[in-house]
Structure formats: structure tokens, C-alpha cells
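Asks: Task: produce atomic coordinates for the following.
(one chain, ligands or ions: 2)
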Amino acid sequence: MKLGYKKIVVKVGSNVITQANGLPDEARIKHLVNQLADIKKQGIEVILVSSGAVASGRSLIKVSERQDAVTTRQLLAAIGQVKLINTYSNFFATHAIQCAQVLVTKEDFRDRAHYLNMKNCLQILLQNEVIPVVNENDVVSVTELMFTDNDELAGLIASMLNADALIILSNVNGIYNGDPKVEGSAVIEEISGSVANLASFIQTGKSQFGRGGMITKSTMAQKVAKLGITVHIANGTTADVLTSLLNHELVHTRFVPEKSKSGKKKWIAHSETAATGVVKLNDGAKTVLTSGKATSLLPVGIIEIQTDFLKGDIIKIIDENNNLIGLGIAEYGSDKARERIGQKKQKALVHYDYFYSAI
Ligand SMILES: Nc1ncnc2c1ncn2[C@@H]1O[C@H](COP(=O)(O)OP(=O)(O)O)[C@@H](O)[C@H]1O
Ligand SMILES: N[C@@H](CCC(=O)OP(=O)(O)O)C(=O)O
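Replies: Ligands and ions are numbered 1, 2, ... in the order given. Take a look at the predicted model:
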């Protein structure tokens, strides 16, 4: 395979594996499994992140209209995930490949210890030639405990496992430079760095069964590419999509990766919800920290400690307009940091090795 990847994360959206009438599209699931089996047999490690539990559940049970959205999702996912994983498991078995069900919540990544537990679990499956089939545990993850969508989860897993690439399969050929339904719009084939006007191309609407939409997909893709992982967004309803993509024969959107960041930085990048403290910087410090040079956060650039934190906590670093600049691990607690605000020649609050720039 021309692209030469050794480890890939493939994310399949609900729309790819659901027919227009809401029933699971078994022929498509089979076709994707055949390609994944082929890829695995070529020595590439594969992790699958598959949506579709809720959509599968909808085909199995009629839900009362009086039921609220959260409990409906729990009911449908609880039933649908069984069908979804059975379908994958049966198709993988025809290739003599074992797959595993890994259901996760945001809580499973809340601190470094939990994050490493998840990482160990996926690594042991890969070492045993098993394909992990990951989904959010929709039965227990509700409201603020939820991932934005499975694109966010797939980005987190790709970063955690140091994958070479993340392939997101949706029901469009990639990110278009306008409304995909309007004639004249074309697929943007390559995106490098942070493209400021990318969101302006993207319609806020989602596809029939999707959760996050293309804006969250592109924000996540830019973040993951910044960590050094190539991200591809392609059409999962196209025949032989994965093999064509990996052979460099498919029109789709590719996010060009930056230099690979360390495992610790990748973890910090995905730990915004675990952050305790909030520290505000002046514009000079912001410029230096986001310049791309190896610079640590010194107290001289701090103008306010907004929320307390302890040594070793993840802290959010914001600018004068309260926009997020980055995340980092505090070298000391907020008490000491407050005493040192604006002072020169003080120990860095966040060392460069433990700072992730969100800009
Ligand atoms: N500029 C754009 N390029 C591509 N897709 C877009 C764009 N703007 C909006 N979309 C919509 O985003 C949808 C894909 O996002 P989503 O519904 O979350 O899919 P999935 O279920 O695969 O995660 C597409 O079906 C498309 O309608
Ligand atoms: N966990 C949910 C899918 C949530 C989700 O992000 O869906 P999608 O936008 O289609 O990838 C399910 O299995 O139904």
C-alpha cells in the first residue's frame, strides 16, 4: 500500500453503515470489513471506531414519542450496540480475525492513570492480533459526560496510540469549499496548518444520523494533524474506499501532519476537560508561547490566576480576551504562582515539554 502506514485508526460514521430507512446496511459493513481484513493481512495495525449503535437500535425497537431524548438514546444504544458488534464479529470471523468490543466514556480518559489504562487495553488487543471496535458507551455517558461525537473519540485514540493516520469515513467525499450539494463546490484535497476560514465553508447542518457535523470533524482533524498524525476524511459509501485511499488513488481531504509531538503532549492536548486551574497571560507572553519556538511559560507574563490548581494539575492558559491559548502541566500550585505574578527571573510555571499550544 503506497501510503506506507503501519498503524491506522478508521472511524466509521452512522450514515455510512445505515440505510436511508434507518436499518443497518449489512452489505456495506461487510464490504468495509473485507477491506479492513485485507489491510490487516498486509501487516498494518487497525483500530476501528464505529458509530451506529443508536441507528441499529432504531431498527429493533419502536420508541414512545413521550420518552425524552437522553433515555431514548440509552435504550436504543443498549439494544443496538449488541447488534452492531455481532455484525462486525460475524463478518471478521469469515476472515479468521477476532474483533473486540471496547466501550468507553470521557471519564475513562480523565487523568493520566486512566488514560494509560485505556492505552494498555488497546495495545494488548493489538499485540494479540485482535481488531478493537471502539464506540462511546452511550448507555452510561449522558449530557456533559459525553464526547462531542465519535470523531473526537477517534482523534483521542489515534493520538493515544501514536497512529500514523486517522481515516474518517463519512457520507461525503471530503470537506468541500462550499455546500457539497451545490454544483460547483469541490473537495479541498489538502489542508495544512490552521486554516482560519475553514469553518466558513462548512454548513452547520448534519447528515441524517450524524451527531457532530463537519465543523467538529474539521476542528478535530486540525488538532490531530498538529500532533503529527495524518488525517483523511473520505466517503465511506464509495466502493473500495480504504484500499483506494491507502493506495493514493482517491479524491478526498487530507490534513497534512506537523512534526510529531511527544506522548505526553498528545495526552495534554486531549485533556481540556480534566483541567483544574485557569491562568491569564498578557499579549507578549501569548506571542512568545505560540511562536512555535521551544518556550516555557514564565510568571512575568501572567496577569491573573483565575482558578486555583495544585502542582502537577493540567491548567488552561487563556489570553486577555479569555480565548484558549493552550494547556500545560503546572510545575507548582496556584498559591506560589499568585505570589510570582509579573515577576522576572522566576521558575517557569509550565515547562515547554509539558505545554500544548491550541493555536
Ligand atoms: N463544506 C462541507 N463539506 C462537506 N460536508 C459538509 C460541509 N458542510 C456541511 N457538511 C455536512 O457534514 C456532514 C457530515 O458530518 P456528520 O453528519 O457528522 O457525519 P458522520 O455521521 O459521518 O459523522 C455531511 O453529510 C454534509 O452534509
Ligand atoms: N455512539 C453513537 C454515535 C455518535 C456519533 O458520533 O455518530 P456519528 O456522528 O455518526 O459518528 C452511536 O453508536 O450511535
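
Asks: Only the buried residues of stretch 179-190, if you could.
Replies: Along stretch 179-190, these residues count as buried under the neighbour rule (16 or more other Cβ atoms under 10 Å): 180, 187-188. (Each C-beta comes from the backbone N, C-alpha and C, glycine too.)

Asks: ok, and which of these reach ligand 1?
Replies: Restricting those to those near ligand 1 by Cβ under 6 Å from any ligand atom leaves P180.

Asks: ok, so of the buried residues of stretch 179-190, who is nearest L242?
Replies: Closest approach between the buried residues of stretch 179-190 and L242, by Cβ to Cβ: V187, at 17.3 Å.

Asks: from what I can see the closest one touches T238, true?
Replies: No: contact status for V187 versus T238: not in contact, 12.0 Å apart, counting by Cβ atoms under 8 Å.

Asks: Mutual contacts of these two, please.
Replies: N173 (Cβ atoms under 8 Å, 6 or more residues apart in numbering).

Asks: about what we covered before: which of the buried residues of stretch 179-190 has the weakest pLDDT?
Replies: Note: of the buried residues of stretch 179-190, the lowest pLDDT belongs to P180, at 86.

Asks: Let me see the contact set for it.
Replies: With Cβ under 8 Å, 6+ apart, P180 has these contacts: 172-173.

Asks: how about 10 Å then?
Replies: 171-174, 186-187, 201-203, 214 (Cβ atoms under 10 Å, 6 or more residues apart in numbering).

Asks: One more: R338?
Replies: 299, 302, 304-305, 308.

Asks: Narrow the residues you listed to those in strands?
Replies: Residues of those located in strands (DSSP state E): 302, 304-305.

Asks: and of those, the nearest to E144?
Replies: Closest approach between the ones in strands among the contacts of R338 and E144, by Cβ to Cβ: I305, at 24.7 Å.

Asks: And the helices in the stretch 151-300 of the chain?
Replies: Remark: helices assigned in the stretch 151-300 of the chain by DSSP state H, counting those that start in this stretch are 198-201, 214-226, 241-246, 263-269, 283-289.

Asks: Just tell me which of the ones you listed ends up closest to ligand 1.
Replies: helix 214-226 (3.5 Å; Cβ to the nearest ligand atom).

Asks: Tell me how far the residue nearest in space to the middle of the chain lies from L289.
Replies: Centroid check for the chain by Cα atoms, centre = their mean gives G155 as the closest residue, at 2.2 Å. In this view, G155 and L289 are 23 Å apart by Cβ to Cβ, to the nearest Å.

Asks: Same check on K347?
Replies: In terms of Cβ to Cβ, K347 sits 16 Å off from L289.

Asks: and what of K181?
Replies: 41 Å.

Asks: show me what contacts the nearest residue to E152 once chain neighbours are set aside?
Replies: Spatial nearest neighbour of E152, chain neighbours left out: M220 (5.6 Å); criterion: Cβ to Cβ, 6 or more residues apart in numbering. Counting by Cβ under 10 Å, 6+ apart, M220 makes contact with 11, 148-149, 151-156, 158, 166, 168, 212, 231, 255, 270.

Asks: Count the neighbours of S260 for me.
Replies: 13 (other Cβ atoms under 10 Å).

Asks: which residues of the stretch 151-300 of the chain fall in strands?
Replies: 165-170, 190-192, 230-235, 253-256, 277-281 (DSSP state E, counting those that start in this stretch).

Asks: now the first one, how far from the centre of its chain.
Replies: Its chain's C-alpha centre and that of strand 165-170 lie 10 Å apart, by Cα atoms, centre = their mean, to the nearest Å.

Asks: Contact partners for the residue nearest to the centre of the chain?
Replies: 9, 11, 49, 147-148, 166, 168, 216-217, 219-225, 227, 229, 231, 269-270.

Asks: Which segments of the protein make up each domain?
Replies: Domain ranges of the chain: 7-265, 275-357, per the TED database.
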